[in-house]
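1. Prediction below, plus the sequence it came from.
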Amino acid sequence: METPSEGIKYTPVRSLPARYLLNKLFTNDWQTDAPATGRLTIDYLKKCFNFLPTKLAIMKKYLIGSFVGAIIIFIWQAASWMLIGVHDRAMKYTPAQENIMSVLANSNLDEALYMIPSAPTKKEQQEKVKEMEGKPWASIIYHKEFKMEMAMPMIRGFLVDIFLVISLIYILTRGATPIPRRVFTGSVAIGLFSWLWGEYTGHIWFDLPMSMILPNLVDSIVAWGLCGLWLGWWLNRREFAGEGPVNK
């Protein structure tokens, strides 16, 4: 380690956390250029901050990729529900709906998911399971009021999409940016993973009907596949000097 000598200008950094954060912000190799006295030379700081434009450019690239990817996923979700009709058969109609809703409304229920028939205690539920074998049963999600408000659900849904795409980019770019084919397959794998862990697991344990979960499989593959095509092209644009190597 070099030590400061007479005639060298330096800026004292007396806070150890500050020096630690500066070292961690940049490449580990640069730590060897710092004086061992707890003071950072002007040349060392210049070397650090000359690296910032590349870091900021890559961060900007990831944020733009996340924002556009979230828009792609959001547009597909809207189209699959409202235009294409992917989910048209996910929810069934029954002519007995008025009688069912009348009974539910007069039962003083809380907003919750109900399994019918069931029992109030674990022990009674275990006994009820034996009686239910081969008989009809139902799961009901009950709400006291129907609300047409769309603004907040759309905002929340879009924010979730942004978070998911940011997380996908973080996973895919550890070490280096993968080639477009790997970005696409990784994106589709994430969509399939979420469907298997969510809807299909519900089908395994709670008999969620296939007519309900198959449209979600289409959404998972198509939406994340389109997002993967976008990210595969965008992340591999070599317009920023100093970007890391592409992982083949």
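-> Good, I have the coordinates.
2. Neighbouring strands of the strand or helix carrying residue 113 in the sheet, and parallel or not?
-> Using DSSP states H and E, the element containing residue 113 is strand 112-116. When sheet partners are counted by DSSP bridges, strand 112-116 sits next to strand 138-142 (antiparallel).
3. What does the residue nearest the centre of the chain show for phi and psi?
-> In the chain, the centroid-proximal residue (C-alpha atoms, centre = their mean) is residue 164; its distance is 2.0 Å. Residue 164 adopts backbone torsions of phi -70, psi -40, taken as degrees, to the nearest 10.
4. Which phi and psi values does the closest residue in space to residue 235 that isn't next to it in sequence adopt?
-> Once flanking residues are discounted, residue 235 sits nearest to residue 177: 5.1 Å by C-beta to C-beta, 6 or more residues apart in numbering. Quick note: C-beta positions are derived from backbone N, CA and C, even for glycine. Main-chain dihedrals, residue 177, degrees, to the nearest 10: phi -80, psi 120.
5. where exactly do the strands run in this structure?
-> Ranges of strands within the chain are 10-12, 39-41, 112-116, 138-142, 177-178, 246-247, based on DSSP state E.
6. Remind me what the fifth one packs against, helices and strands.
-> Helices and strands touching strand 177-178, as assessed by 3 or more C-beta pairs under 8 Å, 6 or more residues apart in numbering; DSSP states H and E, comprise strand 246-247.
7. Okay, now the unreliable bits of this structure?
-> Flagging of the chain using pLDDT under 70 yields the residue ranges 1-53, 239-248.
8. tell me the domain boundaries of it?
-> Domain assignment for the chain by automatic domain parsing gives 10-49, 52-91+148-247.
9. just the ones you listed: most buried one?
-> Neighbour counts (mean count of other C-beta atoms under 10 Å) averaged over each of these peak at domain 52-91+148-247, with a mean of 16.
10. what's the offset of stretch 165-178 from the middle of its chain?
-> Chain-centre distance of stretch 165-178: 12 Å, with C-alpha atoms, centre = their mean, to the nearest Å.
11. Using PDB, write out the CA atom coordinates for that stretch.
-> Provided in PDB are the C-alpha atoms of stretch 165-178 (Å, rounded to 0.1, in the frame of the first residue of the first chain):
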ATOM      1  CA  VAL A 165     -39.700  -7.300 -14.600                       C
ATOM      2  CA  ILE A 166     -37.000  -5.600 -12.500                       C
ATOM      3  CA  SER A 167     -36.600  -8.800 -10.600                       C
ATOM      4  CA  LEU A 168     -36.300 -10.800 -13.800                       C
ATOM      5  CA  ILE A 169     -33.600  -8.500 -15.100                       C
ATOM      6  CA  TYR A 170     -31.700  -8.800 -11.800                       C
ATOM      7  CA  ILE A 171     -31.800 -12.600 -12.000                       C
ATOM      8  CA  LEU A 172     -30.900 -12.800 -15.700                       C
ATOM      9  CA  THR A 173     -28.000 -10.300 -15.600                       C
ATOM     10  CA  ARG A 174     -26.000 -11.700 -12.700                       C
ATOM     11  CA  GLY A 175     -22.400 -11.800 -13.900                       C
ATOM     12  CA  ALA A 176     -23.100 -10.700 -17.500                       C
ATOM     13  CA  THR A 177     -25.900 -10.100 -19.900                       C
ATOM     14  CA  PRO A 178     -27.100 -13.400 -21.500                       C
END
